[in-house]
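K.L.:
below is the structure, and that's it, no one-letter string:
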């Protein structure tokens, strides 16, 4: 991308399935989900002097590493623990990560946003620590191999379509802290046989 470009819009390269490498100029601001579901993307090239972003092991962060912008979908890592420095996950950050089987979200993260971990079809295990207070719309949409889920006592709301098409999800316990569940939160969960909903 040439130096003249100052912004890349939301979902600009969404599902560009053969894109494997991209170079971003220093002047550029990257929108939400700009590289989501680019299943072969393994490389983002930044100049050493870039003041907005940094890339570590195939993961794009802001310079301070407090915001996780994109976990490149071509990454072959199976398990990932978000570092404690991260307080915010950009929408679609993990969407379409086909190889990841396990993810751990630390206390420092307070919300799981829209489509953050959607379409992760190999994902079987999600560990959410007690910092998270809300789970957004479509957060785990189409995580088809997720069989169970423990929602921590810190969570107060579950968004619309959060577990939609989690077709292997068999059981889930919703803690007493949750006061709202969005529309179609468990739509098409065809194996769900047990759910506990608090008062």
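P.N.:
That came through, no problem. Everything numeric in this text was worked out from a predicted model, so none of it was measured. Numbering: from 1, shown residues only.
K.L.:
quick one: contacts for the closest residue to residue 6 other than its chain neighbours?
P.N.:
Once flanking residues are discounted, residue 6 sits nearest to residue 27: 5.1 Å by Cβ to Cβ, 6 or more residues apart in numbering. C-beta coordinates here come from the backbone N, C-alpha and C atoms, glycine included. Contacts for residue 27 (Cβ atoms under 8 Å, 6 or more residues apart in numbering) come out as 3, 5-6.
K.L.:
repeat for residue 127
P.N.:
Residues near residue 127 by Cβ under 8 Å, 6+ apart: 102-105.
K.L.:
which residues does it bridge with?
P.N.:
Residues found in beta-bridge contact with residue 127 (criterion: DSSP bridges) are residue 104.
K.L.:
need phi/psi at the nearest residue to residue 88 once chain neighbours are set aside.
P.N.:
Using Cβ to Cβ, 6+ apart and skipping residues adjacent in sequence, the residue nearest residue 88 is residue 67, 4.6 Å away. Main-chain torsions, residue 67, degrees, to the nearest 10: phi -120, psi 130.
K.L.:
could you double-check that residue 67 sits in contact with residue 60?
P.N.:
No. Counting by Cβ atoms under 8 Å, residue 67 stays clear of residue 60, with 9.5 Å between them.
K.L.:
those two: which is more packed in?
P.N.:
Neighbour totals were compared for residue 67 and residue 60, and residue 60 leads with 22 against 17 (other Cβ atoms under 10 Å).
K.L.:
note down every partner strand of the helix or strand where that one lies and its orientation.
P.N.:
Under the criterion of DSSP states H and E, residue 60 resides in strand 59-62. Applying DSSP bridges to the sheet, strand 59-62 is found paired with strand 53-56 (antiparallel), strand 67-71 (antiparallel).
K.L.:
tell me which other helices or strands the helix or strand following the last one touches.
P.N.:
Spelled out, that is strand 67-71. For strand 67-71, the succeeding helix or strand toward the C-terminus, using DSSP H and E, is strand 79-81. Strand 79-81 makes packing contacts with strand 102-105 when contacts are defined by 3 or more Cβ pairs under 8 Å, 6 or more residues apart in numbering; DSSP states H and E.
K.L.:
per-residue confidence for the spatially closest residue to residue 191 that is not a sequence neighbour?
P.N.:
Of all residues not flanking residue 191 in the chain, residue 170 sits nearest, at 5.1 Å (Cβ to Cβ, 6+ apart). As predicted, residue 170 sits at a pLDDT of 93.
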